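[1] how would this look folded up:
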Amino acid sequence: MAGNPKYQGEKIIKDYGKLSFDYVPEVLVHREAQLQRLQTIFKPVLHGVRRTALLLGSVGTGKTVTAKRFCQNITSEGTLAGINITSLLINCREKRSEHAVLHAINSFFNPGCPDRGLAPEEFLRSIRRSLEERKLHMIIVLDEADEILRRGADDLIYVLTRFNEEFCQDYSLSLILISQRYLLDQLDKSALSTFCKANIVSFERYDAAELRDIVLSRIDLAFYPGTVEEECIDLIAESSADWGDARFAMELLETSALIAEERRLSGVTPECVREAKNMTCSDGSYETKLSKMDYNHKLVLLSICRSIGRSAYTTSIATENAYKIASEECKTAAKGTTTFWKYLKDLAKDGWIEQKVITDPNGSGGRTTCIYISDFPIGELRYIIEKEFNLTI
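    Numbers count the residues shown, from 1 in each chain. The predicted structure is shown next:
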């Protein structure tokens, strides 16, 4: 998407809510299989049968949003079938004990109930009464459940999964655990016996292509048309692919847009993305790191910055041409191709640049090396080096 000059000085983001970590899209890109698996596992809930599941995966792999989307879907499905279904998500980093979790569940039905003075058995009786009175099937989602299990809350899992051990079609309580690591081995035998070990739903890290689709879908929802360049989408996806983290991709997207708005640009540019990544995950010490770099490596890095310009990446051929020009400006002899490639390899090893082989963009049908900088603002790098070399800025 090319920048739209009509948006000069105007807002780029049209709906900030669609970029929030709490936003639950109607369609979960690349999590359709996990959503379908949950719908299969919990289908018996529509017939009054309690179920359990464990959602397992790294940070930013879509576990929580998939659980939320599933709970909204099954609640709507229940409404159409005349069945009363509800859900409650509890973050175990915030509710860090058995008492805190039971109080949160009870407060869902009885707002303002005291958080002290009630034993677990009293909480459970109150919750059971609330479910019976409302003829309600409830799904409890314990996010970051490993946090509470580390504190020895095995009993909590046991009592929740045994809550209505005797089948009652009028009400039920089901349980979803969300964790970054396998946690069923942390349960004692009595708790483990109540948990269906087969109902584990795995969430793999997203690859760059999947992250690109996710970013593109969110741009369509949250941005004015034509305000995010295609190269920016690729750069955000590539920058996030090391971790496979969609949350990080969303953070990069939003921060890049805020930088562009602050500077009254017509749209998000690759340089905005690079600055956003530097702000998000850098310790801000690249100037110190740059000051320790020798002359020849700096000259090659300057050539890369110049060659990339306002784009997301450049090629090795374009960079070597820029290097020869920069060498002339500095009145120094350019090194040969072998040495030049060694400098590129050194810069990649030190984390300044990234390289990958792509199809030649000039249409020759051959392959060429693509070079891009995703962690540092190119404009500032170029300014610092040109000033040090007394070149025209």
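[2] can we go C-alpha only for contacts and neighbour counts from here?
    Fine.
[3] For residue 380, identify the helix or strand it belongs to.
    Take DSSP states H and E as the rule and residue 380 turns out to sit in helix 378-388.
[4] For that helix, buried residues please.
    Neighbour-count burial for helix 378-388 flags 378, 381-386 (criterion: 16 or more other C-alpha atoms under 10 Å).
[5] Does anything pack onto it? Which helices or strands?
    Counting contacts by 3 or more C-alpha pairs under 8 Å, 6 or more residues apart in numbering; DSSP states H and E, helix 378-388 packs against helix 270-281, helix 295-308.
[6] Tell me, what's the model's pLDDT at the residue lying farthest from the centre of the chain?
    With C-alpha atoms, centre = their mean as the measure, the chain has its most outlying C-alpha, relative to the mean C-alpha position, at residue 331: 46.9 Å. Note for residue 331: predicted pLDDT of 92.
[7] Just say helix, strand or coil for it.
    At residue 331 the chain is in coil, as set by DSSP: H, G, I helix; E, B strand; the rest coil.
[8] same question, residue 25
    Under three-state DSSP, residue 25 falls in the coil class.
[9] What of residue 368?
    Residue 368 - assigned by three-state DSSP - is strand.
[10] before we move on, what about the one 3 residues further on?
    Assigned state for residue 371: strand (three-state reduction, three-state DSSP).
[11] what about it, how many residues close to it?
    Here the count is done by other C-alpha atoms under 10 Å, and residue 371 has 23 residues near it.
[12] And residue 65, by the same measure?
    With other C-alpha under 10 Å as criterion, residue 65 counts 19.
[13] Phi first, then psi, for it.
    Torsion angles at residue 65 (phi, psi; degrees, to the nearest 10) stand at phi -70, psi -30.
[14] Strands of the stretch 51-200 of the chain, start to end?
    Under the criterion DSSP state E, counting those that start in this stretch, the stretch 51-200 of the chain contains strands at 52-57, 85-91, 137-143, 172-179, 200-203.
[15] Quick one: those strands as TSV, columns for mean neighbour count too.
    As requested, these are exported to TSV (neighbours: other C-alpha atoms under 10 Å):
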stretch	mean neighbour count
strand 52-57	23
strand 85-91	19
strand 137-143	23
strand 172-179	24
strand 200-203	18
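[16] possible to save those as CSV with distance to residue 358 and mean pLDDT?
    CSV is the format used below for these (distance: least, C-alpha to C-alpha, whole Å; pLDDT from 0 to 100):
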stretch, distance to residue 358, mean pLDDT
strand 52-57, 31, 95
strand 85-91, 43, 97
strand 137-143, 40, 97
strand 172-179, 37, 95
strand 200-203, 29, 96
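[17] Put together JSON lines for those, with distance to residue 310 on each row.
    Shown next, in JSON lines, are these (distance: least, C-alpha to C-alpha, whole Å):
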{"stretch": "strand 52-57", "distance to residue 310": "36"}
{"stretch": "strand 85-91", "distance to residue 310": "42"}
{"stretch": "strand 137-143", "distance to residue 310": "42"}
{"stretch": "strand 172-179", "distance to residue 310": "41"}
{"stretch": "strand 200-203", "distance to residue 310": "36"}
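[18] which one of these lies closest to residue 128?
    Closest to residue 128 of the strands of the stretch 51-200 of the chain, according to C-alpha to C-alpha: strand 172-179, at 8.9 Å.
[19] hey, C-alpha coordinates of that closest one in PDB?
    Presented in PDB, the C-alpha positions along strand 172-179 are these (Å, rounded to 0.1, in the frame of the first residue of the first chain):
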ATOM      1  CA  SER A 172     -21.900 -27.600  34.800                       C
ATOM      2  CA  LEU A 173     -18.400 -26.100  35.400                       C
ATOM      3  CA  SER A 174     -15.700 -26.700  32.800                       C
ATOM      4  CA  LEU A 175     -12.100 -25.700  32.900                       C
ATOM      5  CA  ILE A 176      -9.500 -24.400  30.400                       C
ATOM      6  CA  LEU A 177      -5.900 -24.000  31.500                       C
ATOM      7  CA  ILE A 178      -3.500 -21.800  29.500                       C
ATOM      8  CA  SER A 179       0.200 -22.100  30.000                       C
END
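[20] Adjacent strands (with direction) for it?
    Applying DSSP bridges, strand 172-179 is found paired with strand 52-57 (parallel), strand 137-143 (parallel).
[21] Would you mind listing the buried residues in the helix or strand bottoming out on mean pLDDT in the chain?
    Lowest mean confidence among the helices and strands of the chain (mean pLDDT, DSSP states H and E): helix 189-192, at a mean of 78. Within helix 189-192, the residues scored as buried using 16+ other C-alpha under 10 Å are 191-192.
[22] Next, the distance between the ends of stretch 268-287.
    With C-alpha to C-alpha, to the nearest Å applied, stretch 268-287 spans 25 Å between its terminal residues.
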